[in-house]
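*Asks:* Here is a sequence together with a model predicted from it:
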Amino acid sequence: AIISRMNSHFILALAGVAVCQSIEAGRPARRASFLPSQPVIMGYAHDCQSGKVDAAIASGVNVVAWAFIHLERDPVTGDLGIRTDLDMSCVRAVRERCQGNMGVTHLAAIGGWNGPHPSHENGRVTGAEWFEAWRCWNENE
């Protein structure tokens, strides 16, 4: 699963197809996909302050996957949440610098190669419940 910051909200996507709710409009987004129509040239990024992301975009990267955000469940309360150590203000600044370049999509990868899996200790969580936790995090981010 991935998310993309489009305008002033993130969009949750599974396998590149948007499964989302527009925060501004409160209804499903009209576009089914937010990936470029041309060939995808994608790079993963974590450190947005190094200038490497800007250089990669200038060299033709059209999809930036910010790594990573994590789905978490509090073992005591069972509350669902999102955690990341990404500098989100820096990520927003990079995105704003290339805002005029409509061919660049910014995503955030969920999990990671060794990312923790959410606990099922307090019962299983549905996709709709994870979406709601993500939506609340997204609106307050």
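*Replies:* Thanks, I have the structure now.

*Asks:* ok, the closest residue to Met88 other than its chain neighbours - how many residues close by?
*Replies:* What sits nearest to Met88 in space, not counting adjacent residues and going by Cβ to Cβ, 6 or more residues apart in numbering, is Glu141, at 6.1 Å. The way it works is simple: take the backbone N, C-alpha and C, and place the C-beta from them, glycine included. With neighbours defined by other Cβ atoms under 10 Å, the count for Glu141 comes to 14.

*Asks:* Now for Pro118: which residues touch it?
*Replies:* Residues near Pro118 by Cβ atoms under 8 Å, 6 or more residues apart in numbering: 71-73, 80, 125, 130.

*Asks:* Compare those residues and tell me which has the most neighbours.
*Replies:* Arg73 (22 neighbours).

*Asks:* Wait, that one touches Ile82, no?
*Replies:* No: Arg73 lies out of contact with Ile82 (Cβ atoms under 8 Å); the separation is 10.9 Å.

*Asks:* Now do the residue nearest to Met88, the pLDDT please.
*Replies:* Looking at Glu141, its pLDDT is 72.

*Asks:* remind me which residues of this protein are low pLDDT?
*Replies:* Low-confidence segments of the chain (pLDDT under 70): 1-33, 100-102, 119.
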